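Asker: Return atomic coordinates for the entry below.
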Amino acid sequence: MVTHSAAGDGAPWAEVAQSADHAAMLARIDQFLVQHAPPTPCVVVDLATVRQRYQEMRALLPEARIYYAVKANPVAPVIATLAGRDTAFDLATDGESARCHGLGIDPQRFCFGNTIKR
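Answerer: Alright, predicted model coming up:
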């Protein structure tokens, strides 16, 4: 079932919300780039979007234990943002393990899906 917006334009609510969220994210990223002018190339990750997407996944999978593959983006702010929730962490290297330990994450939240590489 699809619920359409009250504006009568036929757009589903989810698409309208996603569009507004996307615009807000781009505005935050643009503001960051103007203020900080990092050297390029660079990757900018919007932590508000990380939190929002985590909450969306949590709402869809309320009984699941959600694991974040640290290899996907091992920067401390992303890991710390997810550590503030009930996220568990999939680790593949000693460096990933050290980074999570250094952020004070309980090792009970770690999973070693791969053999630790040295």
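Asker: rest of the way, CA atoms for contacts and neighbours
Answerer: Noted.
Asker: could you give me the average pLDDT of stretch 64-73?
Answerer: Stretch 64-73 carries an average pLDDT of 94.
Asker: Could you export it as CSV, CA atoms only?
Answerer: Extracted in CSV, the C-alpha atoms of stretch 64-73 (Å, rounded to 0.1, in the frame of the first residue of the first chain):
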residue,chain,number,x,y,z
ALA,A,64,18.2,-8.3,15.1
ARG,A,65,21.6,-7.6,16.4
ILE,A,66,23.1,-5.2,13.9
TYR,A,67,26.8,-5.5,13.1
TYR,A,68,28.8,-2.7,11.5
ALA,A,69,31.7,-3.9,9.3
VAL,A,70,34.4,-1.6,10.4
LYS,A,71,36.3,-2.3,7.2
ALA,A,72,33.6,-0.4,5.3
ASN,A,73,34.5,3.0,6.9
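Asker: Buried residues, that stretch. List them.
Answerer: Going by neighbour count (16 or more other CA atoms under 10 Å), the buried part of stretch 64-73 is 66-70.
Asker: Select from those residues every entry located in strands.
Answerer: Among the buried residues of stretch 64-73, DSSP state E puts 67-69 in strands.
Asker: Can I get those in TSV including distance to Arg51?
Answerer: Below are these laid out as TSV (distance: CA to CA, whole Å):
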residue	distance to Arg51
Tyr67	14
Tyr68	13
Ala69	15
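Asker: So which of the residues you listed is the closest to Thr49?
Answerer: Closest approach between these and Thr49, by CA to CA: Tyr68, at 15.0 Å.
Asker: does the spatially most central residue of the chain count as helix, strand or coil?
Answerer: In the chain, the residue lying closest to the centroid (CA atoms, centre = their mean) is Val50, at 2.8 Å. Assigned with DSSP: H, G, I helix; E, B strand; the rest coil, Val50 falls in the helix class.
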